[in-house]
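>>> Predicted coordinates and the sequence they were generated for:
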Amino acid sequence: MTPKEVEALFTRSDGTYLFSRWGRPIAPVVFGVEDATLQVVKGACEAVVALAGHKMAETDPELGSNLMVFFLRDWQELLDTPNMDQLVPELGPLVGRLKDSGANQYRFFRFDEDGAIKAAFVFIRMDAQLAQMAAEDLALGQMVQTILLWSDVAFDAQSPLAKTPAGPLVLRPEIAAVIRAGYDPVMPAVAQDTSHALRLFARLGDLA
């Protein structure tokens, strides 16, 4: 990857640079799937967290679970779920936008006072496109996109996953290297200056 390509991963559609990683162990919970799929999602989370060199926990002392993954058949289910409006700001308008755009996934984050990620909420509407994906591939893609605060357009042109000659999807090596570099203990948990991308790039050579 070039420095500009690294920078683009964290440059938002409004032109601002923003990097953030988890500042606490990740305690996931999954809703709307059978036990077998639940284990797949948690396994993907464990794999990505291990790649990052971060930690998982059974519970978060403040929130209980700080990574919530919801599988849905229709966005309307968000409005029909009790107390969901307390988790998701401006739920009604959001659901309207998701319906109008035909979106099949949505993620949002909460941050601590320093700007590090303290919670993430992942909503996956299982449309025909996602239903064709293997559960392992879908789970891996979602966990990769949740381990860091990527740009809102980071993966519009290219998925973080790539096919292997044997068929299964795997995490692209350069994206894996960026994740590891982002969690390097000497790197800040939060950055808003593009010089941070240069520091990430400097660490990629031995990680990709």
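Arrived safely.

>>> Name the residues of whichever strand or helix holds V95 that are buried.
V95 belongs to helix 91-101 when assigned by DSSP states H and E. Of all the residues in helix 91-101, those buried under the rule 16 or more other Cβ atoms under 10 Å are 94-95, 98. Yep, even glycine has a C-beta here, placed from its N, CA and C like the rest.

>>> Does anything pack onto the top helix by length along the chain? Which helices or strands?
When the chain is parsed with DSSP state H, its longest helix is helix 35-52. The contact analysis (3 or more Cβ pairs under 8 Å, 6 or more residues apart in numbering; DSSP states H and E) places helix 35-52 against strand 28-31, strand 67-72, helix 135-147, helix 173-182.

>>> Generate CSV for these, with mean neighbour count and distance to P82 as supplementary columns.
Listed next are these as CSV, based on neighbours: other Cβ atoms under 10 Å; distance: least, Cβ to Cβ, whole Å:
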stretch, mean neighbour count, distance to P82
strand 28-31, 18, 13
strand 67-72, 22, 13
helix 135-147, 22, 24
helix 173-182, 21, 35
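
>>> Out of those, the one nearest Q105 is which?
helix 135-147 (7.4 Å; Cβ to Cβ).

>>> quick one on the thing from earlier: pLDDT of the longest helix of the chain, averaged?
Throughout helix 35-52, pLDDT has a mean value of 93.

>>> Without its sequence neighbours, what residue ends up closest to the residue nearest the centre of the chain?
Closest residue to the average C-alpha location of the chain: T146 at 1.5 Å, with Cα atoms, centre = their mean. Computed as Cβ to Cβ, 6 or more residues apart in numbering, the closest residue to T146 that is not its neighbour in sequence is A120, at 5.0 Å.
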